[in-house]
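J.: What follows is a predicted structure for the sequence shown.
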Amino acid sequence: MPTTGITLVREQTEAMRVPRFLWVPFELGRPFGTPHEPEFQRRVLHHALALLDRSDVPVIADFPDDAPAATPDGDDAVWACPVSFVRDPVGEPDLVDAVRAEVRRLTAWAELAPPPAPNGALGLGEMVSLLGRLANGEDASELLGDRPVVEVVRLAADDLRTWYLHAATRQPGASTAAERTTWFWRQTALAQLLGALAARLLDDPDPILRMFADRGLVPRDHWSAVVHDAPTGAPDD
Amino acid sequence: MAKELPVYDTVPSVDGPPLHERRVALVTTAGLHRADDDAFSFVDLTYRVIPGDTDLNRLTMTHSSVHFDRTGFREDVNVVFPLDRLRELAADGAVGSVADHHYSLMGAGWPPSMIEPTCNELAELLRADHIDAVCLVPV
């Protein structure tokens, strides 16, 4: 089967010795560059497909251009979320209340454009309750239903994080996905709550939940900023 | 992202007709699926089918990785899964035609050997659809 493809991580693609791939200098999560830039996206796809005519394999070609800025601004200043969360996120006794306050303050922004439909079955308030109860070691069975705990928690954490980041895209000023991600993990109470949940689940008897806590809740780059009471020995990379 | 990668000694490759004669399918590892399909689970080696006539607004993402944000996809599916762009290239005559079915996997954390049986099954399905070009798309 003749193949070509896109790669965002050159090292792994080189190791796989695939015949034809196009490396693109874009952010993870955006392999075709920028939303609502159809001409640019088409050029990326055509570059990748044109490699099918190459027989001098393996070939990893470089896409020559950066992704267009999502918001035409020209301002190189580092973006800061205009909504300020005034609290000390570490050691705050009422983390769940702090998350509820964040949600209230971000709702106006999130609703400027249709917010993303959740993948899980819970509403915003229920998601916060679920994550808070589990982080505090409390019973959350009525929110979990009959589904596997890891799936309910994973979708809730993913839906809430995406809702926050969606709200941030609606605010004034140009920001990159990387800037919004850094804001999320370094400045929000929800990130602290996810860190507390990860620390709690790393001790869970269920090995799937322990693996999820280790890999599926907090990115490595931000682990030390939000996971404060992890059991010794995890994670190590 | 550092992980122990397998070592491959060969570069399997086959040629085909010119691009403007090829029938092209997309295979994504972005954990995409139609909203009423089963979500991908945290550990999932299965695939989902994305019919060629799917309304992209019906697609959702349940990838398990926490290392990228979903807002680009939520704004414009084509920034992850460029089926509209492929349709346009076919309409322009740059590619021959678009597959009847495309496929989605959830590419997180598995060594290649574990996903190989799923990929072999996909290869047979793509052959049955007379595909002679597959574009592999990450997230």
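T.: Looks like it came in fine. Numbers count the residues shown, from 1 in each chain, chains lettered A, B, ... in the order given.

J.: Touching, residue A:12 and residue B:8? I think so.
T.: No - in this structure, residue A:12 is not within contact of residue B:8 by Cβ atoms under 8 Å, at 12.0 Å. Where you see a C-beta, it was placed from the backbone N, CA and C, and this is true even at glycine.

J.: can you give me the strands in chain B?
T.: In chain B, the segments counted as strands under DSSP state E are B:23-28, B:32-34, B:48-51, B:59-61, B:97-98, B:101-104, B:133-137.

J.: pLDDT averaged over the fourth one - what is it?
T.: When pLDDT is averaged along strand B:59-61, the result is 95.

J.: How about the fifth one?
T.: Average pLDDT, strand B:97-98: 97.

J.: Residue A:43: neighbouring residues, count only.
T.: 17 (other Cβ atoms under 10 Å in any protein chain shown).

J.: Secondary structure of it: a strand, I assume?
T.: No - using DSSP: H, G, I helix; E, B strand; the rest coil, the assignment for residue A:43 is helix, not a strand.

J.: what stretches of chain B score poorly on pLDDT?
T.: Along chain B, the model assigns pLDDT under 70 to residues B:1-4, B:109.

J.: Just give me the longest helix of it.
T.: Secondary structure of chain B per DSSP state H: the longest helix is helix B:112-128.

J.: how big is the angle separating that helix from strand B:133-137?
T.: Using axes from the mean of the first three to the mean of the last three Cα atoms, to 10 degrees, the inter-axis angle of helix B:112-128 relative to strand B:133-137 is 140 degrees.

J.: For helix B:112-128, buried residues please.
T.: B:115, B:118, B:122, B:126 (16 or more other Cβ atoms under 10 Å in any protein chain shown).

J.: you'd agree the first one is up against residue B:43?
T.: No - with contact defined as Cβ under 8 Å, residue B:115 does not count as touching residue B:43 (11.6 Å).

J.: Output stretch A:219-235 in PDB with nothing but the alpha carbons.
T.: Taking Å, rounded to 0.1, in the frame of the first residue of the first chain, the C-alpha atoms of stretch A:219-235 are listed here in PDB:
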ATOM      1  CA  PRO A 219       1.700  16.600  30.900                       C
ATOM      2  CA  ARG A 220       5.300  15.900  32.000                       C
ATOM      3  CA  ASP A 221       6.300  19.500  31.300                       C
ATOM      4  CA  HIS A 222       3.900  20.800  34.000                       C
ATOM      5  CA  TRP A 223       4.000  17.900  36.400                       C
ATOM      6  CA  SER A 224       6.100  19.500  39.100                       C
ATOM      7  CA  ALA A 225       3.900  22.700  39.000                       C
ATOM      8  CA  VAL A 226       0.700  20.900  39.900                       C
ATOM      9  CA  VAL A 227       1.500  17.500  41.500                       C
ATOM     10  CA  HIS A 228       2.700  18.200  45.000                       C
ATOM     11  CA  ASP A 229       2.000  15.100  47.000                       C
ATOM     12  CA  ALA A 230       2.800  12.300  44.700                       C
ATOM     13  CA  PRO A 231       3.900   9.000  46.200                       C
ATOM     14  CA  THR A 232       7.600   8.400  45.800                       C
ATOM     15  CA  GLY A 233       8.800   6.700  42.700                       C
ATOM     16  CA  ALA A 234       6.400   8.100  40.200                       C
ATOM     17  CA  PRO A 235       6.800   9.400  37.600                       C
END
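
J.: in that stretch, what counts as buried?
T.: A:222, A:223, A:225, A:226, A:227, A:230.

J.: Please report the distance of the nearest residue to the first one once chain neighbours are set aside from residue B:49.
T.: Of all residues beyond its chain neighbours, the one nearest residue A:222 is residue A:185 (3.7 Å), with distances taken as Cβ to Cβ, 6 or more residues apart in numbering or on different chains. Residue A:185 sits at a distance of 35 Å from residue B:49 (criterion: Cβ to Cβ, to the nearest Å).

J.: Residue A:51 now?
T.: Taken as Cβ to Cβ, the span from residue A:51 to residue B:49 is 26 Å.

J.: for residue A:24, same thing?
T.: For residue A:24 relative to residue B:49 (Cβ to Cβ), the value is 26 Å.

J.: Equivalent analysis for residue B:122, please.
T.: On the measure of Cβ to Cβ, residue B:122 and residue B:49 end up 10 Å apart.

J.: Which neighbours do those two have in common?
T.: residue B:103 (Cβ atoms under 8 Å, 6 or more residues apart in numbering or on different chains).
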